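Student: show me how the following folds:
(2 chains)
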Protein chains: 2
Amino acid sequence: MDILMNIREAKKEDFDAIWLIFSEIVKVGETYAYNRDTTKEQAFELWMDTPRKTFVFEENGNILATYFIKTNQAGPGSHVCNCGYMVSSSARGKGLATAMCNHSQKIAKELEYKAMQFNFVASSNEGAVRLWSRLGFETVGRLIKAFNNPKLGYVDALVMYKWF
Amino acid sequence: MDILMNIREAKKEDFDAIWLIFSEIVKVGETYAYNRDTTKEQAFELWMDTPRKTFVFEENGNILATYFIKTNQAGPGSHVCNCGYMVSSSARGKGLATAMCNHSQKIAKELEYKAMQFNFVASSNEGAVRLWSRLGFETVGRLIKAFNNPKLGYVDALVMYKWF
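Tutor: Numbers count the residues shown, from 1 in each chain, chains lettered A, B, ... in the order given. The predicted structure follows:
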């Protein structure tokens, strides 16, 4: 069965499940440029309200992962999108991030974006860097010590980019 | 006389003058990642409300230029700031951008930022690229065709960065 079949657009009612994933990841503070004490209301705005679309990965009625797609820069930059992906700790290693990233590129093209950009990938998040590279994203920028990792201190952040 | 003396924090009442500068620049669409039809209300939010601080350059009661400073990324990225600078077309070539950039770096250090980042400098904006380079910003990233210049079409956008 095609794993992409499990991905559908998020509904407002999905947010309780999304929040469990979001808060788990953001509290650790090692991957996303969100405040570690982001509230549920703020998370709703960031993940569901501001983005152009939000999706969930659902299996047997359980939401295991989620991603959003939004325009990265307005005006002269509006042909480039940005996505954020989160997988529940209980569902890692099953290829869900790969599935979501492939799905998001399909959606991006449908929405007539010409490229996708990740603005702030922690270089210490080696799994993500390797994965995005494998999926065709090029590391086009390195921001020295721009990411304050709670365990490692200041590490570089990468800008990754893919023109379709 | 020290040109930095002409820079002061913006007040709400300054916004009519700021809007003249903002709308003139944004309508042309060659430098900023704002929609070319940004309304005055949206501009107030972008330039005065969202940023941490906004400044104006005033000479003989006239506001000739303006800049903002804000946190570039939340959470693990919150030690890096971002600034935007605009100079009225009638006041270009007088060193106001240099003065504002120097001023903003002083303010950034006072606010305890450790670095400053420009996310989206149009490579076609050669004057700006040259100026930021001269003021110590390094080009750390190149986003291929990420900037849609109304005259030139897709041109590269640069990420520029300075650790203090």
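
Student: burial of residue A:110, as a residue count?
Tutor: Counted with other CB atoms under 10 Å in any protein chain shown, residues neighbouring residue A:110 total 9. (C-beta placed from N, C-alpha, C; glycine too.)

Student: quick check on it: phi, psi?
Tutor: phi -60, psi -40 (degrees, to the nearest 10).

Student: pretty sure residue A:124 is in a helix, no?
Tutor: No - assessed by DSSP: H, G, I helix; E, B strand; the rest coil, residue A:124 does not belong to a helix; its assignment is coil.

Student: residue contacts, it?
Tutor: Neighbour list for residue A:124: A:30, A:147, A:149, A:152, A:155 [criterion: CB atoms under 8 Å, 6 or more residues apart in numbering or on different chains].

Student: what about the nearest residue to it once chain neighbours are set aside, distance to residue B:110?
Tutor: Counting by CB to CB, 6 or more residues apart in numbering or on different chains, residue A:155 is the residue found nearest to residue A:124 once chain neighbours are left out, at 4.6 Å. Here the distance between residue A:155 and residue B:110 works out to 26 Å (CB to CB, to the nearest Å).

Student: quick revisit: ok, and the most crowded of the contacts of residue A:124?
Tutor: The member of the contacts of residue A:124 that has the most neighbours, counting by other CB under 10 Å, is residue A:147 with 29 neighbours.

Student: go ahead and confirm it touches residue A:129.
Tutor: No - taking contact to mean CB atoms under 8 Å, the distance of 12.0 Å between residue A:147 and residue A:129 leaves them out of contact.

Student: who are the neighbours in contact with residue A:164?
Tutor: A:105, A:108-109, A:113-116.

Student: which of those residues are buried?
Tutor: Applying 16 or more other CB atoms under 10 Å in any protein chain shown to those, the neighbour count classes A:105, A:108, A:113-116 as buried.

Student: what is the most widely separated pair among these?
Tutor: A:105 and A:114 (11.6 Å; CB to CB).

Student: and the residue of chain A closest to chain B?
Tutor: Across chain A, the shortest distance to chain B (CB to the nearest CB) belongs to residue A:141, at 2.2 Å.

Student: which helices and strands does whatever helix or strand that residue lives in pack with?
Tutor: Residue A:141 belongs to strand A:138-149 when assigned by DSSP states H and E. Applying 3 or more CB pairs under 8 Å, 6 or more residues apart in numbering or on different chains; DSSP states H and E, one finds that strand A:138-149 contacts strand A:115-122, strand A:153-163, strand B:115-122, strand B:138-149, strand B:153-163.

Student: before we move on, back to that, dump the buried ones among the contacts of residue A:164 to JSON lines, plus pLDDT and distance to chain B.
Tutor: JSON lines is the format used below for the buried ones among the contacts of residue A:164 (pLDDT from 0 to 100; distance: CB to the nearest CB, whole Å):
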{"residue": "A:105", "pLDDT": "98", "distance to chain B": "17"}
{"residue": "A:108", "pLDDT": "98", "distance to chain B": "14"}
{"residue": "A:113", "pLDDT": "98", "distance to chain B": "11"}
{"residue": "A:114", "pLDDT": "98", "distance to chain B": "8"}
{"residue": "A:115", "pLDDT": "98", "distance to chain B": "7"}
{"residue": "A:116", "pLDDT": "98", "distance to chain B": "11"}
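
Student: JSON lines for the residues you listed, including distance to residue A:67?
Tutor: Supplementary listing: the buried ones among the contacts of residue A:164 in JSON lines, determined by distance: CB to CB, whole Å:
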{"residue": "A:105", "distance to residue A:67": "11"}
{"residue": "A:108", "distance to residue A:67": "11"}
{"residue": "A:113", "distance to residue A:67": "14"}
{"residue": "A:114", "distance to residue A:67": "19"}
{"residue": "A:115", "distance to residue A:67": "17"}
{"residue": "A:116", "distance to residue A:67": "12"}
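
Student: show me what residue A:118 is bridged to.
Tutor: According to DSSP bridges, the partner residues bridging residue A:118 are residue A:160.

Student: what's the answer for the one 4 residues further on, then?
Tutor: Beta-bridge pairing of residue A:122, defined through DSSP bridges, involves residue A:157.

Student: what does chain A have sitting close to chain B?
Tutor: Applying CB under 8 Å from any CB of the partner chain, one finds that chain A approaches chain B through A:26, A:29-30, A:32-36, A:38, A:73-80, A:114-115, A:117, A:119-120, A:122, A:140-150, A:154, A:157, A:159, A:161, A:163.

Student: 7 Å - rerun?
Tutor: When proximity is defined by CB under 7 Å from any CB of the partner chain, chain A lies next to chain B at A:29, A:32-36, A:73-77, A:79-80, A:115, A:117, A:120, A:140-149, A:157, A:159, A:161, A:163.

Student: quick one: the helices in chain A?
Tutor: Residue ranges of the helices in chain A, as given by DSSP state H, are A:15-28, A:40-44, A:96-110, A:126-134.

Student: once you drop chain neighbours, what's closest to residue A:9?
Tutor: According to CB to CB, 6+ apart, the nearest residue to residue A:9 is residue A:55 (5.7 Å).

Student: quick check: the gap between the one you found and residue B:94.
Tutor: Computed as CB to CB, the residue A:55 to residue B:94 distance reads 50 Å.
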